[in-house]
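Colleague: Got a sequence here, can you model it:
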Amino acid sequence: AQGFLAVDTETSGLNAAAADLVGISMALTPGNACYVPLRHGATAENGDAQGGLDFSAEAPVSYQQIPFDTAMAMLKPVLEDPAVLKIGHNLKYDSHILLWPRNGGVKLGPVDDTMCLSYVLDGGRVGGHSMDHLAKHWLDYDTIKYSDVCGKGAKQVAFGTLAPEAALDYAAEDADITLRLWHQFKPRLSAERVASVYERLERPLIPVLAEMEASGITVDRGILARMSNDFASRMAALQAEIHQLAGEDFNIASPKQLGEILFDKMGLQGGKKAKTGAYSTSADVLEDLAASGVEIAAKVLDWRQLAKLKSTYADALVDSILPATGRVHTSFSMVGASTGRLSSSDPNVQNIPIRTAEGRQIRTAFIAAPGHKLISADYSQIELRLVAHVAGESTMIEAFHAGLDIHARTASEVFGVPLDQMDSETRRRAKAINFGIIYGISAFGLARQLGISRGEAGDFITAYFKNFPGIRDYMERIKLSAREDGYVETLFGRRIHITGFDGGNQAMRGFAERQAINAPIQGSAADIIKRAMIRIPPALSAAGLNATMLLQVHDELIFEAP
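Modeller: Below is the predicted model of the structure:
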């Protein structure tokens, strides 16, 4: 018997927390794959509102299908066998699906993931990590598309409604392609010296994220409903004020209509037309107008912020509650950002704005289950600490060791203000420079952020580098190595491929340089929290603590404990 097996699940939907397992495909050798149909024959008519299918209903197709419990009794021991490596593509999804009791309650492992392998080997340079894309790129193979078997648009049917013979080739091909990609990718890990990143940071994180997604988090419907109503009434009041200032009613959500009002009717300066012929009404454009005292622009910005909070959070979070659990189950993407950072979707719990009172209000809607408390733990200024470390900047390192306020210390160094005479505005400016420098900010960008002249901003940056020469040296060093090697590395050895240095376009080169400066910092921070996420669950178990890790929000972890 061999020690590995390619595995793929077919399900009733993309939401792993709500979907039902329909079948499992497996491959042992390239070109030889099988499909085990488990729940085919359910129709869309006997499904429920959640998109789940009612598999207890009479199957309209007459054929033999192994009863689900019989099949899983044979499959589960293999899927959980520690001596058999299970290889998949985006195996976090399959791991999550299989965890649910209705889908077998399987703890899939040990695992290897071709999507994560591709990400570690080629993050930032292959144009995506989907199986279809990788099959074409590496194997020159055109896969069968989902729409080829299930149809498109309004005529699309659920996978479980297909007869097994119609599902066979599509399902089995997934396992076959996964195995072929694995044979290509796995030997490259050692050859390209990135094995430790994959083995220490990516592979062990797969089951951790699957468990977190399945756990979900409770949100308070009442708080969200009140917020939605509050946002709606404030938007209505702003709309009335905006229409009054414009002298007519128009659709504020239409950039075209807004542009015509601002730049044609009101004759405001700064209107730039895009290729479509419509004026740009981006946040930058409106912020410039608002900064120069244009009241209508400031009110439109406020209206937009409330509209986003209402639709993306207050309303969408309620819609995301899974009736079966009463909780929200986000989906974490392991390959969403080239730096190694996680992203989340359906709903996105990582982009909740916390700089505004309204954004902070949304966080209050995330609550603990009855008899439990939420615990939040985050890293303090992890990116600035990493900058100090990689740049060997002793002044900063000493400030961190002494537990000093790093922004006040920076302000003192750059602006020559004694710490005991520090005011909040000077500290705010230093904070903008500290964080701006990490992202390769220009004098123009800093001037815009602080509302000062470009000359003044340039003087601030010059003074900053004079006081922290190690940071300037690091930036020059990393830009040079990125240009020569085509990639930068995190402290853990993760490679982030940077393109754009060779382009004739100055803007592209500038973007590549900023990416080269920031990626090792942001990537190292991401690697550090991933190590923590992998180590915490077994540490909690060993200590006999009944706490569950629910969410990761960049530098922060959220737990639920009784």
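Colleague: In three-state terms, label residue 27 for me.
Modeller: For residue 27, the assignment made with DSSP: H, G, I helix; E, B strand; the rest coil gives strand.
Colleague: From residue 2, how far off is it?
Modeller: Separation of residue 27 from residue 2 (C-beta to C-beta, to the nearest Å): 11 Å. C-beta here means a position set from N, CA and C on the backbone, and glycine is covered the same way.
Colleague: who has more neighbours, those two?
Modeller: Between residue 27 and residue 2, counting by other C-beta atoms under 10 Å, residue 27 is the more crowded of the two (25 against 8).
Colleague: which residues pair with that one across the strands?
Modeller: In this structure, residue 27 bridges to residue 6, residue 33 when assessed by DSSP bridges.
Colleague: Is it correct that it is in contact with residue 33?
Modeller: Yes - the pair residue 27 and residue 33 passes the contact test of C-beta atoms under 8 Å, sitting 3.8 Å apart.
Colleague: Which neighbours do those two have in common?
Modeller: Common neighbours of residue 27 and residue 33, counting by C-beta atoms under 8 Å, 6 or more residues apart in numbering, are 6, 172, 175, 176, 179.
Colleague: Which ones among these map onto strands?
Modeller: Secondary structure from DSSP state E places residue 6 of the shared contacts of residue 27 and residue 33 in strands.
Colleague: Neighbour-wise, give me the winner out of the shared contacts of residue 27 and residue 33.
Modeller: Within the shared contacts of residue 27 and residue 33, residue 6 tops the neighbour count with 28 neighbours, counted by other C-beta under 10 Å.
Colleague: Residue 181 is in contact with that one, correct?
Modeller: No - counting by C-beta under 8 Å, residue 6 does not reach residue 181; the two are 9.3 Å apart.
Colleague: Can you convert the shared contacts of residue 27 and residue 33 into a markdown table and add a column each for distance to residue 486?
Modeller: Converted to a markdown table, the shared contacts of residue 27 and residue 33 look like this (distance: C-beta to C-beta, whole Å):
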| residue | distance to residue 486 |
| --- | --- |
| 6 | 31 |
| 172 | 37 |
| 175 | 33 |
| 176 | 32 |
| 179 | 30 |
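Colleague: mind listing which of the shared contacts of residue 27 and residue 33 are in helices?
Modeller: 172, 175, 176, 179 (DSSP state H).
Colleague: So what's the residue count around the residue nearest to the first one when sequence neighbours are not counted?
Modeller: The one in question is residue 172. Of all residues not flanking residue 172 in the chain, residue 33 sits nearest, at 3.9 Å (C-beta to C-beta, 6 or more residues apart in numbering). By the measure other C-beta under 10 Å, the count of residues near residue 33 is 23.
Colleague: Could you double-check that residue 33 sits in contact with residue 169?
Modeller: No - contact between residue 33 and residue 169 fails when scored by C-beta under 8 Å: they sit 9.5 Å apart.
Colleague: List the residues that contact the nearest residue to residue 490 once chain neighbours are set aside.
Modeller: Spatial nearest neighbour of residue 490, chain neighbours left out: residue 523 (3.9 Å); criterion: C-beta to C-beta, 6+ apart. By C-beta under 8 Å, 6+ apart, residue 523 lies in contact with 339, 340, 341, 488, 490, 494, 496.
Colleague: Over to the fourth one. Which of the three states is it?
Modeller: Counting by three-state DSSP, the backbone at residue 488 sits in strand.
Colleague: Looking at strand pairing, list the partners for it.
Modeller: Under DSSP bridges, the beta-bridge partners of residue 488 are residue 496.
Colleague: okay but it is in contact with residue 518, surely?
Modeller: No - with contact defined as C-beta under 8 Å, residue 488 does not reach residue 518; the gap is 9.3 Å.
Colleague: of the two, who's got more company?
Modeller: Comparing residue 488 with residue 518 by other C-beta under 10 Å, the one with more neighbours is residue 488, at 24 against 21.
Colleague: give me the element the nearest residue to residue 225 once chain neighbours are set aside is part of.
Modeller: Spatial nearest neighbour of residue 225, chain neighbours left out: residue 318 (7.1 Å); criterion: C-beta to C-beta, 6+ apart. Taking DSSP states H and E as the criterion, residue 318 maps to helix 316-319.
Colleague: Would you mind listing the buried residues in that helix?
Modeller: 317, 318 (16 or more other C-beta atoms under 10 Å).
Colleague: And the contacts of it?
Modeller: 219, 221, 224, 225, 228, 328, 347, 362, 365.
Colleague: tell me the pLDDT at residue 469?
Modeller: On the pLDDT scale, residue 469 is placed at 92.
Colleague: tell me the mean pLDDT for stretch 266-286?
Modeller: pLDDT averaged over stretch 266-286 gives 85.
Colleague: for stretch 551-562, same thing?
Modeller: Mean per-residue pLDDT for stretch 551-562: 94.
Colleague: and it, which residues are buried?
Modeller: In stretch 551-562, counting by 16+ other C-beta under 10 Å, buried: 551, 552, 553, 554, 555, 557, 558, 559, 560.
Colleague: Now, these that are in strands?
Modeller: Counting by DSSP E, the buried residues of stretch 551-562 contribute 551, 552, 553, 557, 558, 559, 560 to strands.
Colleague: Can you give me every residue that contacts the closest residue to the first one other than its chain neighbours?
Modeller: Nearest in space to residue 551, with sequence neighbours left out and distances taken as C-beta to C-beta, 6+ apart, is residue 558 at 4.3 Å. Listed by C-beta under 8 Å, 6+ apart, the contact set of residue 558 reads 217, 366, 374, 375, 376, 549, 550, 551, 552.
Colleague: Need the per-residue pLDDT for the second one.
Modeller: What it means is residue 366. 95.
Colleague: Same check on the first one?
Modeller: According to the prediction, residue 217 has pLDDT 96.
Colleague: and it, how many residues sit next to it?
Modeller: Neighbourhood size, residue 217 [other C-beta under 10 Å]: 20.
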